[in-house]
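> please work out how this folds:
(chains A and B)
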Amino acid sequence: MTATLLFIQALNGLQFGLILFLIAAGLTLVFGVMDFINLAHGVQYMVGAYLAAAFTAWTGNFGLALLLALPTALAFGLLLEVLVFRHLYDRDHLDQVLATFGVIVFLNQAVKFVWGAAPLNVPVPEILSGSVEITDGLLYPVYRLAIIAAGLAVALLLYVLVSRTRVGMLVRAGATNPEMVSALGVNIQRLFMVVFGFGAMLAGFAGAMVAPILSVEPGMGDNILILAFVVIVIGGIGSIRGAFLAAILIGLVDTVGRSFAPNILRFFLDPATASQTGRAIAPMLIYIFMAAILFFRPSGLFPAKR
Amino acid sequence: MTELIHAHPSSFAPSPSRIERVPLVLFAILALAPLLAPLTGAEGYVLSLLSRVMIFGLAAMSLDLILGYGALVSFGHAAFLGIGGYAVGILASHGSEDALIQIPLALAASALFATVTGTISLRTKGVYFIMITLAFGQMLFFLATSLAAYGGDDGMTLASRSLMAGTSILKNDRVFYGLVLFCLLGTYLLSRGIVASRFGRVLRGTRENAVRMEAIGFHPFRYQLLAYVISGMMAGLAGFLLANQAEFISPSYMTWQRSGELIFMVVLGGIGSLHGAIIGAAVFLLLEEFLPEILHFAASALGSDLQSRLVENWKMIFGPLLILIVLFARGGITGLLGRGRHG
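Next up is the predicted model:
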């Protein structure tokens, strides 16, 4: 029984980790290449979810909605870049944190203004709505498996893009030393826009994918943003590989920790205290994990900058 | 990465008579406010609003001490507000309602938390420091949400304000206001003393160039840690006051958004001037309080439907306002005040 539960939780953790990776990938590139802290990356995830909800309601088809939501999320990200972020690249980190904080305040209220404060529900698309039997007696929702598949596919695509193409090479070079790349005649401003738009689209994609399994509500990006920061800091800023590894780790530690911390503590404490302490410790686990990693590796697991 | 904060030349060599006037006026206004408050016809409201302003001013100033003078951008400073607040709530629910017990314990808990987290955080630099302090703040936030005995997610309402040496004089809003003002003035003078001392000079030297400070024989870590602990204790005191002012505590004291607001207050007022943080807190809170009403007034020509929607969604104005302030008001309000006098 416990082994089955562990397996299910591991799958959930993997799915959560992949969603985190989709958000963190854009964040770490923007951070690594442009040295720009974008707190508003979380609201791009929220906007993606809202776009998926709105387009699903409009077209009645989740797949079609996804196709419409992606370019819209991209366009929205580029709009924010032109309006706000572009003016912040040469500012210090503090100014960037504050101005993008202002973007969060605005957009959280703006979605309330447009769609109301009540959470929206997006139905799971019909083809993916059932459950599959993984081993005997163990059912797992197809849609969550689809998220895992989509996440892995995007991760693979990203890996190929970053490690096998010319743009990817420039991005990697930019994360290591942007001045040098610029000095070699690369239009770094345009590279920035590409990276930025792509990151925004990935976050929007993540939001759209989770829209059917989470409630779409204002502020839904705020907490996942912090988790995405935890991921990129653990992984090493600017490193896609680090972000992938850290996202999966965080996803597993968080999901498995929440369901097993009380059980594990039961070996040391009496049941009542164990469940109380377990519930207290579980949400803190990833932060403890992060603090521990930064204690031993102060620049994360795979620092891109040397 | 080392250029986290632009150096503030004025904080290095404060020209005495010119800059001192601003804090003097500031504290004079705060001291005279209770005398003028009855004239507004809403004395209780004015006093409680100004108490809040001073409490957040105290918290923001404590952050300025490490942010402005040590270039340590703590993104988890709200945790100390929570520690101070929960010290009140937890002690009161176990029968220790006296401020003379609660304050020392709140300070001790803050100092302990700051020592532990500071020791770990200060191993990292720049952005990693921002993120690790954020992580510690989040840990404490989630710890608070899991404290079922003390309200969990919802927080807990305090039965009454803390006692002061066995008497319940703090229930009087004016007396409480006086206590808050006393705390703010005390910590302000203490901070000024710290900044002007040899310790403060070493701290500022570390801000400019930690490697050089080390080369001439200082251990930046010790100075930064001590500054972090002092700052944490001051914020803990603000937490004690905040819990008493609101007569309520909840994990919402420690959200990362609250930490962001504290940073914003410091930047808004002007980094590295101490009183600037107080002004920043005042402007931020008053804006938050009155922006809906200003909008209500400004939009009165637009018809009542649009007007009420605008007032309800005042944050859609507030957010862009924050962005504009960051983009155009460099050096913060004290920077503007200074510039005005030079020009």
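> so where do the helices sit in the stretch 151-300 of chain B?
B:173-196, B:198-208, B:210-215, B:220-246, B:256-269, B:275-298 (DSSP state H, counting those that start in this stretch).
> and of those, who's closest to B:S93?
helix B:220-246 (12.1 Å; C-beta to C-beta). C-beta coordinates here come from the backbone N, C-alpha and C atoms, glycine included.
> hmm, the closest one in reach of chain A?
No - applying C-beta under 8 Å from any C-beta of the partner chain, one finds helix B:220-246 separated from chain A by no less than 12.9 Å.
> which elements pack onto that helix?
Using 3 or more C-beta pairs under 8 Å, 6 or more residues apart in numbering or on different chains; DSSP states H and E, the elements in contact with helix B:220-246 are helix B:43-70, helix B:78-93, helix B:99-121, helix B:173-196, helix B:198-208, helix B:210-215.
> pLDDT weak spots in the stretch 101-250 of chain B?
For the stretch 101-250 of chain B, no stretch is flagged by pLDDT under 70.
> what residues does it put near chain A?
Residues of the stretch 101-250 of chain B lying near chain A (C-beta under 8 Å from any C-beta): B:120, B:123-128, B:130-132, B:134-136, B:138-139, B:142-143, B:145-148.
> redo the helices of the stretch 151-300 of chain B as CSV? Include mean neighbour count.
Below are these laid out as CSV (neighbours: other C-beta atoms under 10 Å in any protein chain shown):
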stretch, mean neighbour count
helix B:173-196, 18
helix B:198-208, 18
helix B:210-215, 14
helix B:220-246, 24
helix B:256-269, 25
helix B:275-298, 20
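> now the helices for the stretch 201-306 of chain A?
A:220-235, A:240-265, A:271-281, A:285-296.
> okay, which residue of chain A is out on the far edge from center?
Distance from the centre of chain A peaks at A:D270, with 37.2 Å (C-alpha atoms, centre = their mean).
> ok, now how distant is that one from B:T117?
A:D270 is 30 Å from B:T117, where distance means C-beta to C-beta, to the nearest Å.
> likewise A:A200?
Applying C-beta to C-beta, the value for A:A200 to B:T117 is 33 Å.
> phi first, then psi, for the residue of chain A at minimum distance from chain B.
For chain A and chain B, the shortest gap (C-beta to the nearest C-beta) falls at A:F106, measuring 2.9 Å. Dihedral pair for A:F106: phi -60, psi -50, per degrees, to the nearest 10.
> quick check: chain neighbours aside, which residue is closest to it?
B:G319 (2.9 Å; C-beta to C-beta, 6 or more residues apart in numbering or on different chains).
> contact partners of the helix or strand in which the one you found is found?
Element membership for B:G319 (DSSP states H and E) is helix B:315-328. If you take C-beta atoms under 8 Å, 6 or more residues apart in numbering or on different chains as the criterion, helix B:315-328 is touched by A:84, A:87-88, A:91, A:95, A:98-99, A:101-110, A:113, B:264, B:267-268, B:287-288, B:291, B:295, B:310.
> list the buried ones in it?
B:315-323, B:325-327 (16 or more other C-beta atoms under 10 Å in any protein chain shown).
> which parts of the stretch 51-200 of chain A sit against chain B?
Listed as neighbours of chain B in the stretch 51-200 of chain A under the rule C-beta under 8 Å from any C-beta: A:84, A:87-88, A:91-95, A:97-99, A:101-110, A:112-113.
> please redo it, this time with the cut-off set to 6 Å
Counting by C-beta under 6 Å from any C-beta of the partner chain, the residues of the stretch 51-200 of chain A close to chain B are A:87, A:92-93, A:95, A:98-99, A:101-102, A:105-106, A:109-110, A:113.
> if we can go back for a sec, nearest to B:S300, of the helices of the stretch 201-306 of chain A?
Among the helices of the stretch 201-306 of chain A, helix A:220-235 sits nearest to B:S300 (C-beta to C-beta), with 33.5 Å.
> can you list the helices and strands that that closest one packs against?
helix A:2-34, helix A:41-59, helix A:240-265, helix A:285-296 (3 or more C-beta pairs under 6 Å, 6 or more residues apart in numbering or on different chains; DSSP states H and E).
> how far does the second one sit from the chain's center?
Right, the one you point to is helix A:41-59. What separates the centre of helix A:41-59 from the centre of its chain is 15 Å, taken as C-alpha atoms, centre = their mean, to the nearest Å.
> now chain B against chain A: closest residue?
B:G319 (2.9 Å).
> burial count for B:I120?
Per other C-beta atoms under 10 Å in any protein chain shown, the neighbour tally for B:I120 reads 17.
> residues touching it, list them.
Residues near B:I120 by C-beta atoms under 6 Å, 6 or more residues apart in numbering or on different chains: A:291, A:295.
> how close does it sit to A:V230?
15 Å.
> go on, A:V142?
A:V142 is 30 Å from A:V230, where distance means C-beta to C-beta.
> more neighbours, the two?
A:V230 (26 against 16).
> B:P34 versus the more buried one, what's the distance?
45 Å.
> also B:R330?
Distance from B:R330 to B:P34, by C-beta to C-beta: 35 Å.
> more crowded one of those two?
The neighbour count for B:R330 versus B:P34, taken as other C-beta under 10 Å, is higher for B:P34 (18 against 14).
> check for me that that one belongs to a helix.
Yes - counting by DSSP: H, G, I helix; E, B strand; the rest coil, B:P34 is part of a helix.
> check contacts around it.
Here B:P34 is in contact with B:174, B:177 (C-beta under 6 Å, 6+ apart).
> make it 10 Å
Neighbouring residues of B:P34 by C-beta atoms under 10 Å, 6 or more residues apart in numbering or on different chains: B:43, B:46-47, B:50, B:173-175, B:177-178, B:181.
> for the stretch 201-306 of chain A, which spans come out with low pLDDT?
For the stretch 201-306 of chain A, the ranges with pLDDT under 70 are A:304-306.
> pLDDT value on A:L18, please?
pLDDT, A:L18: 94.
> next, B:L158: phi, psi?
According to degrees, to the nearest 10, B:L158 has phi -80, psi 140.
> do B:K125 as well
phi -130, psi 160.
> on that earlier part again, could you dump the buried residues of helix B:315-328 to TSV with pLDDT?
Listed next are these as TSV, based on pLDDT from 0 to 100:
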residue	pLDDT
B:K315	83
B:M316	85
B:I317	85
B:F318	85
B:G319	87
B:P320	89
B:L321	85
B:L322	84
B:I323	87
B:I325	84
B:V326	83
B:L327	84
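> and the furthest pair within those residues?
Using C-beta to C-beta, the two most remote members of the buried residues of helix B:315-328 are B:K315 and B:L327, lying 18.5 Å apart.
> does B:L47 touch B:A33 like I think?
Yes - the criterion here is C-beta atoms under 10 Å, and B:L47 meets it with B:A33 at 7.8 Å.
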